[in-house]
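Engineer: Model the following, please.
(3 chains)
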Amino acid sequence: MATITWLSDFGSASGYPATMKGVALRICPIATFVDISHDVTRHHVREGAFLLWMTAPYFPEGTVHCAVVDPGVGTERRAIIIKSQKQFFVGPDNGLLLPAASRLGDLLVYVIQNAKFFGTEISKTFHGRDIFAPVAAHLANGVPPKEIGPPTREWVKLSFGQGIDHRGSLEGEVIYIDSFGNIITNISGDLLPKAPRADLIIETERKSSSAHYARTYGELPSGDLIVTIGSHGQIEIAVNRESAAQRLRLRAGDSLKIHLHE
Amino acid sequence: MATITWLSDFGSASGYPATMKGVALRICPIATFVDISHDVTRHHVREGAFLLWMTAPYFPEGTVHCAVVDPGVGTERRAIIIKSQKQFFVGPDNGLLLPAASRLGDLLVYVIQNAKFFGTEISKTFHGRDIFAPVAAHLANGVPPKEIGPPTREWVKLSFGQGIDHRGSLEGEVIYIDSFGNIITNISGDLLPKAPRADLIIETERKSSSAHYARTYGELPSGDLIVTIGSHGQIEIAVNRESAAQRLRLRAGDSLKIHLHE
Amino acid sequence: MATITWLSDFGSASGYPATMKGVALRICPIATFVDISHDVTRHHVREGAFLLWMTAPYFPEGTVHCAVVDPGVGTERRAIIIKSQKQFFVGPDNGLLLPAASRLGDLLVYVIQNAKFFGTEISKTFHGRDIFAPVAAHLANGVPPKEIGPPTREWVKLSFGQGIDHRGSLEGEVIYIDSFGNIITNISGDLLPKAPRADLIIETERKSSSAHYARTYGELPSGDLIVTIGSHGQIEIAVNRESAAQRLRLRAGDSLKIHLHE
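Structural biologist: This is a model prediction of the structure:
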């Protein structure tokens, strides 16, 4: 069995994801499809990159990830394939695929060029249908990437950065707000102390707030700010049964500090 | 072929459902996936239980239902498997699985314990990925539940209650508001008369409203309140092309009466 | 492998789509499912018809499209199968299937009648579960349509109309607003000139606005109105990174003119 995952900013109800899947099924009828998300904020490459980074490592060898958040569609931006630890990533060369592929490691990058593997017509506005979906399906069929285009040593980078420990003050940035309003940061959970504590301070541009460090949301009464290690291994800020992002008025890209002692 | 259904409050665009599916595909590559919903109101166990109750009976023998609405994740709540009429239910022991499994009948309940069937790391916040998805995939592969944990005779109950007929006044409660604003009650459709009528009274805490009893939405002009037997066999209150829940200002858990004669 | 696509106005999180899929899997366990959309505006047959029209041509031979936007459920409206260029369409006879099937061509229409291919009970409100899903699954299994019901030479029509060129003024109507707020019209892209231009006028009932004709969204600065040929071959009006529908206050069904010279 071959797995193809799909990620886009097309909207799950727009008909565009289904179109891509129809195209792929004509080429690879045995493919299993998994939607990562089609509701990435429009043109928000960084948000799409995070979702792919978060999910890709859990997929089997041979999985092809087809990701289309592509504000530059129809312009000169390149289309690429990345092979990484026996998984494949297909999409625009705008950084979208990089964090996920880098997390797996051993990147080989190819420029998509061989029109033999494209749809019969190439529109200016929907490369998901005309280029990325058919290429993904051919990869799922076992076509080697080098038949689809030449290797390259240059590609657009994208990184979430890495929070740093400045003498007990952890400085970092918000990568992503999840559907619960939990704030996922670029600060590694390894920088937190082992034992639960109640005396942390979260400092944003607007204000400072006291917070608990806890290993799970359920441990504390509703309404308390919690610093925890999320399921991705990153430091996450949550409020039990509420939105931490609304409470702290933080958005992706905002910076913050977590003070481990006053 | 093995079918796994998914139900959660993670949000369909959150990346968490895709992560669970990736984990499951590594264990059971031939699985067919069906999403019941990932947009259950956050932590609303009762709403998730209704959706599972409504859909499970229509699935084939051998289906594994993996359901995660789990406000107690990371605390002492148990994780269970229920085997019921050749279908399997996997999730937290908080009542979520009970109405669906009870509707099928012949419950056998097991406590999930054997870490051999879990993911390699167990986070405190995402048992969907680390425990429920891999266990569901092993069940889909044919692993008997007793290898995953011991049987138990105790589990958390959850019931929607059952509306009663009090001399022509049907008393019950709202189980669920569907996506059309239709109000699904816990009163059995068997308590309604056979012939269509125009003289019913719906009484809520706020007001009384006259209503038609009809066998289908299309029979009446737009705007009229309709009492009907929903596709689940329960009494349902609808307004043709409008939201009955908004009209009557009713929410899940609210009580109501339907008077068959004044 | 057999592919079944699903389109409805049930809401993707309502449990109804999953119920239909469960029913279909009991009949055709090897089916591959693709959701086109379950978030069609409630009872909006025309919108559902557009999404089906847009996606169906990209699916493989043998695909069965099960589409349920069905305000007349439970009334006398007929249920039909359309066979068209080796694809099948199943749904209510209210025009929903017509544009897609007509686009493929060579229509054969059958009235669904043989209850042997239905569910065991037929509700008045959920023919998706009781009739359309089982019929779709039997078709996916290779049952010939004529076993499910007799051919008919009458059916309900639906057409998006066709924009016309009135001496350089293109007159047409909005078919659909997509998830980006792009306005898809019923005017063929063939009526546009070949070379990009900056002097077009878009005239609606409310106002006239100047617009660029460009072959891709990325070519122009954010905020400019763009007339382009969409991925469906129809003229589309967009605003880079904004909603053109909000800007021009246009909705499906509204008429508009595009003046190619003042």
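Engineer: Under the pLDDT cut-off, which ranges of chain A? List them.
Structural biologist: Chain A contains residues with pLDDT under 70 at A:217-220, A:262.
Engineer: Point out the residues in it that sit beside chain C.
Structural biologist: Contact residues, chain A versus chain C (C-beta under 8 Å from any C-beta of the partner chain): A:10-16, A:18-19, A:21-23, A:25-26, A:29-31, A:33, A:42-43, A:71-75, A:123-126, A:129-130. C-beta coordinates here come from the backbone N, C-alpha and C atoms, glycine included.
Engineer: Just the ones in strands from those, please.
Structural biologist: A:A31, A:F33 (DSSP state E).
Engineer: Buried among the residues of chain A next to chain C? Need that as a selection in PyMOL.
Structural biologist: Command for PyMOL that selects the buried part of the residues of chain A next to chain C, burial taken from 16 or more other C-beta atoms under 10 Å in any protein chain shown:
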select buried, chain A and resi 10+11+12+13+14+15+16+18+19+21+22+23+25+26+31+33+42+43+71+72+73+74+123+124+125+126+129+130
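Engineer: Show me what the strand or helix carrying A:A101 is packed against.
Structural biologist: Under the criterion of DSSP states H and E, A:A101 resides in helix A:98-104. Packing partners of helix A:98-104 (3 or more C-beta pairs under 8 Å, 6 or more residues apart in numbering or on different chains; DSSP states H and E): helix A:45-55, strand A:79-84, strand A:87-92.
Engineer: Tell me what angle the first one forms with strand A:87-92.
Structural biologist: Here helix A:45-55 runs at 170 degrees with respect to strand A:87-92, directions being taken by axes from the mean of the first three to the mean of the last three C-alpha atoms, to 10 degrees.
Engineer: What number of residues are in the vicinity of A:R251?
Structural biologist: 11 (other C-beta atoms under 10 Å in any protein chain shown).
Engineer: And the helices in chain A?
Structural biologist: A:16-27, A:45-55, A:98-104, A:127, A:133-140, A:145-148, A:244-248 (DSSP state H).
Engineer: what sits up against the shortest one?
Structural biologist: With C-beta atoms under 8 Å, 6 or more residues apart in numbering or on different chains as the contact definition, helix A:127 has outside contacts at A:V68, A:D70, A:V73, A:G74, A:A79, A:P92.
Engineer: Which member of these is positioned nearest chain C?
Structural biologist: Nearest to chain C out of the contacts of helix A:127 is A:G74 (C-beta to the nearest C-beta; 2.7 Å).
Engineer: Tell me the spatial nearest neighbour of that closest one, not counting adjacent residues.
Structural biologist: C:T216 (2.7 Å; C-beta to C-beta, 6 or more residues apart in numbering or on different chains).
Engineer: ok, the one you found - contacts?
Structural biologist: Here C:T216 is in contact with A:V73, A:G74, A:T75, A:K124, A:T125, C:T228 (C-beta under 8 Å, 6+ apart).
Engineer: Quick check: the two most widely separated of the residues you listed?
Structural biologist: A:T75 and C:T228 (13.4 Å; C-beta to C-beta).
Engineer: And A:V227, how close does it get to chain C?
Structural biologist: 31 Å (C-beta to the nearest C-beta, to the nearest Å).
Engineer: Out of the helices and strands packed on helix A:98-104, which one sits most buried?
Structural biologist: When you average the neighbours per residue for each of the helices and strands packed on helix A:98-104 (mean count of other C-beta atoms under 10 Å in any protein chain shown), strand A:87-92 leads with a mean of 26.
Engineer: got the angle between that one and helix A:133-140?
Structural biologist: Using the same axes, to 10 degrees: strand A:87-92 against helix A:133-140 is 170 degrees.
Engineer: Just give the number of residues close to A:H166.
Structural biologist: 10.
Engineer: Relative to A:T228, how far out is it?
Structural biologist: 21 Å (C-beta to C-beta, to the nearest Å).
Engineer: and the spatially closest residue to A:D178 that is not a sequence neighbour, what is it in contact with?
Structural biologist: Excluding its sequence neighbours, the residue lying closest to A:D178 (C-beta to C-beta, 6+ apart) is B:S14, at 5.7 Å. By C-beta under 8 Å, 6+ apart, the residues touching B:S14 are A:S37, A:D178, A:S179, B:H38.
Engineer: what residues does chain A put near chain B?
Structural biologist: So far as C-beta under 8 Å from any C-beta goes, chain A lies against chain B at A:1, A:3, A:5, A:12, A:32, A:34-40, A:51, A:54-56, A:58-60, A:63, A:178-180, A:215-219, A:228-231, A:236, A:241.
Engineer: Are any of these buried, and if so which?
Structural biologist: Neighbour-count burial (16+ other C-beta under 10 Å) applied to the residues of chain A next to chain B gives A:3, A:5, A:12, A:32, A:34-40, A:51, A:54-56, A:58-60, A:63, A:178-180, A:215-219, A:228-231, A:236.
Engineer: Give me the subset of those lying in strands.
Structural biologist: Within these, residues falling in strands by DSSP E are A:T3, A:T5, A:T32, A:V34, A:D35, A:I36, A:S37, A:T228, A:I229, A:E236.
Engineer: Farthest-apart pair in those, please.
Structural biologist: Spatially, the most separated pair among these is A:T32 and A:T228, at 33.1 Å (C-beta to C-beta).
Engineer: export the helices and strands packed on helix A:98-104 to TSV and tack on distance to B:H259?
Structural biologist: Converted to TSV, the helices and strands packed on helix A:98-104 look like this (distance: least, C-beta to C-beta, whole Å):
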stretch	distance to B:H259
helix A:45-55	52
strand A:79-84	66
strand A:87-92	60
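Engineer: if we compare these, which one ends up closest to A:A101?
Structural biologist: Among the helices and strands packed on helix A:98-104, strand A:79-84 sits nearest to A:A101 (C-beta to C-beta), with 4.2 Å.
Engineer: so the closest one versus strand A:87-92, what angle?
Structural biologist: 160 degrees.
Engineer: Going by contacts, tell me the helices and strands next to strand A:79-84.
Structural biologist: Contact here means 3+ C-beta pairs under 8 Å, 6+ apart; on that basis strand A:79-84 packs against strand A:87-92, helix A:98-104, strand A:107-111, helix A:133-140, helix A:145-148.
Engineer: hmm, try it at 6 Å
Structural biologist: strand A:87-92, helix A:98-104, strand A:107-111 (3 or more C-beta pairs under 6 Å, 6 or more residues apart in numbering or on different chains; DSSP states H and E).
Engineer: Need the residues that contact the first one.
Structural biologist: Outside of strand A:87-92, the residues that reach it under the criterion C-beta atoms under 6 Å, 6 or more residues apart in numbering or on different chains are A:63-68, A:70, A:77, A:79, A:81-82, A:97, A:101, A:132, A:135-136, A:139.
Engineer: Stretch A:195-202: how far from the chain's middle?
Structural biologist: Centre-to-centre, stretch A:195-202 and its host chain are 29 Å apart (C-alpha atoms, centre = their mean, to the nearest Å).
Engineer: Show me which positions of that stretch end up buried.
Structural biologist: Using 16+ other C-beta under 10 Å as the test for burial, stretch A:195-202 gives A:L200, A:I201, A:I202.
Engineer: Look up how far chain B lies from the second one.
Structural biologist: Read that as A:I201. From A:I201 to chain B the distance is 22 Å (C-beta to the nearest C-beta).
Engineer: cool, the first one as well?
Structural biologist: When C-beta to the nearest C-beta is the yardstick, A:L200 and chain B sit 17 Å from each other.
Engineer: Next: A:Q85.
Structural biologist: 13 Å.
Engineer: A:P144 now?
Structural biologist: 21 Å.
Engineer: Just give me the neighbour total for that residue.
Structural biologist: Residues near A:P144, counting by other C-beta under 10 Å: 10.
Engineer: State the phi and psi torsions of it.
Structural biologist: phi -70, psi 140 (degrees, to the nearest 10).
Engineer: follow-up on the earlier one: so for A:D224, which of the helices of chain A sits nearest?
Structural biologist: Nearest of the helices of chain A (C-beta to C-beta): helix A:244-248, 10.4 Å.
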